[in-house]
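Chemist: sharing a model that was predicted from the sequence below.
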Amino acid sequence: MLVQQVGQQASGVEVPPRGLRQVAKLAEPNVLFLSLAARSRQEDFQRVYDWFRRIAWRTSNGDYGALSLPAVLDDCARLADLLRAADTGIVGTEMVDESDAEYAARISRMWSGKGKPPTRQKRLHFRHQGVDGSATLALSDQSMGTQHLYRLGRLAFRSLDLGSLLVVDELDSSLHPYLAAKLINLFRDPDINTRGAQLIFTGHDVSLLGRIQGEQVLLGDNIWFTEKNECGATELFAISDFKPRGEENRERRYLAGRYGAVPRIDDELFAAALAARKEHGDVPAES
């Protein structure tokens, strides 16, 4: 009976189309089959490939994926509204031609003197209102929090517009909990997130486990923890595994270690490491 069932199942297996069999033969061990199939214009794989291609991301070292200048121009008004609403002091944005000094410095770096020189670029500046009038500042002149919010805002707008996935490492880095909660709520609000966009992020701000301004930031099935074992392997588990009650203080219970996923700190070793510091005169100068 068992052999018969296996045989019946095997006979019903569809044979891959000839094109996919050829792609499989061409695929090298270090090449993704999905990428190769998409480049070979295999229609069955194109939608899957496009889904992955639309993923936007931000890593903990400050790298941002899926950012381009045309998108900046399209999103200027929305970005200005976002930054103004976040109490950054920014009242608007404008595109400013790079200065003569900036242009000369860029030309000296990238132009060999042959052919036509690069054209002068425009840069996005942010207008601030002061006591004696307004002034514009470049993105590099803004605080780390404003820069982070600006870049995350661009990625969030793109993800919401496309209905795609946004992956952010350390969402709460350089952001006030109020602002982090507002960004999360963009994806939770069905009136804003009409195309099924999804946000996956990591963070260490325990206030996001509870209520901010009276509103629950994350639902129970949104929260997952990671914990390393003694071998350095990371385990992923959901808060729902602990069957929390709706009224319990998740922030307090997490900090008390009830859910795990907290660092196991050796107090004596930690103190010894600090006590072993060199005398000020013995510290080598930084290169």
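Modeler: Good, I have the coordinates. Residues are numbered from 1 along each chain as shown.
Chemist: my read is Glu227 is in a strand, agree?
Modeler: Yes - according to DSSP: H, G, I helix; E, B strand; the rest coil, Glu227 belongs to a strand.
Chemist: ok, now which ones touch it?
Modeler: Shown in contact with Glu227 (CB atoms under 8 Å, 6 or more residues apart in numbering): 234-235, 237, 260-261. Using the backbone N, CA and C atoms, a C-beta is placed for each residue, glycine as well.
Chemist: out of these, which is nearest to Ala85?
Modeler: Ranked by distance to Ala85 (CB to CB), the contacts of Glu227 are led by Ala261 at 32.8 Å.
Chemist: quick check: closest non-adjacent residue to that closest one.
Modeler: Excluding its sequence neighbours, the residue lying closest to Ala261 (CB to CB, 6 or more residues apart in numbering) is Phe225, at 3.6 Å.
Chemist: I figured the one you found hits Gly257, correct?
Modeler: No - counting by CB atoms under 8 Å, Phe225 does not reach Gly257; the two are 11.4 Å apart.
Chemist: which phi and psi does the closest residue in space to Asp221 that isn't next to it in sequence have?
Modeler: Distances taken as CB to CB, 6+ apart put Ser240 closest to Asp221, at 6.1 Å, once the chain neighbours are dropped. Recorded main-chain torsions at Ser240 are phi -60, psi -20, according to degrees, to the nearest 10.
Chemist: hang on, the earlier thing: between Phe225 and Gly257, which one's more packed in?
Modeler: Shown here are Phe225 and Gly257; by other CB atoms under 10 Å, Phe225 has more neighbours (16 against 10).
Chemist: for the more buried one, give its distance to Gly92.
Modeler: 41 Å (CB to CB, to the nearest Å).
Chemist: what's the distance between Asp141 and Thr119?
Modeler: Taking CB to CB as the measure, Asp141 falls 24 Å from Thr119.
Chemist: who's more crowded, those two?
Modeler: The residue with more neighbours, out of Asp141 and Thr119, is Asp141; 12 against 7, by other CB under 10 Å.
Chemist: could you look up the SS state of Gly232?
Modeler: Counting by three-state DSSP, the backbone at Gly232 sits in coil.
Chemist: can you report phi and psi for it?
Modeler: The phi/psi pair for Gly232 (degrees, to the nearest 10) is phi 90, psi 0.
Chemist: burial check on it, number of neighbours?
Modeler: 6.
Chemist: and what of Thr194?
Modeler: Burial of Thr194 is recorded as 11 neighbouring residues (other CB under 10 Å).
Chemist: same question, Ser108
Modeler: Ser108 has 9 neighbours, counted by other CB under 10 Å.
Chemist: swap in Leu218?
Modeler: Neighbour count for Leu218, taken as other CB under 10 Å: 15.
Chemist: Val23 too?
Modeler: For Val23, the neighbour count with other CB under 10 Å is 20.
Chemist: so what does it have for phi and psi?
Modeler: Main-chain torsions, Val23, degrees, to the nearest 10: phi -60, psi -40.
Chemist: that one and Gln42 touch, don't they?
Modeler: Yes - with contact defined as CB under 8 Å, Val23 counts as touching Gln42 (6.6 Å).
Chemist: could you check the pLDDT of Met1?
Modeler: Note for Met1: predicted pLDDT of 29.
Chemist: ok, now Gln4?
Modeler: 28.
Chemist: Arg78 is in contact with Phe157, correct?
Modeler: Yes - Phe157 is within contact range of Arg78, at 5.8 Å (criterion: CB under 8 Å).
Chemist: show me which of the two is the more surrounded one.
Modeler: Phe157 (19 against 14).
Chemist: what secondary structure does the more buried one sit in?
Modeler: The three-state label for Phe157, taken from three-state DSSP, comes out as helix.
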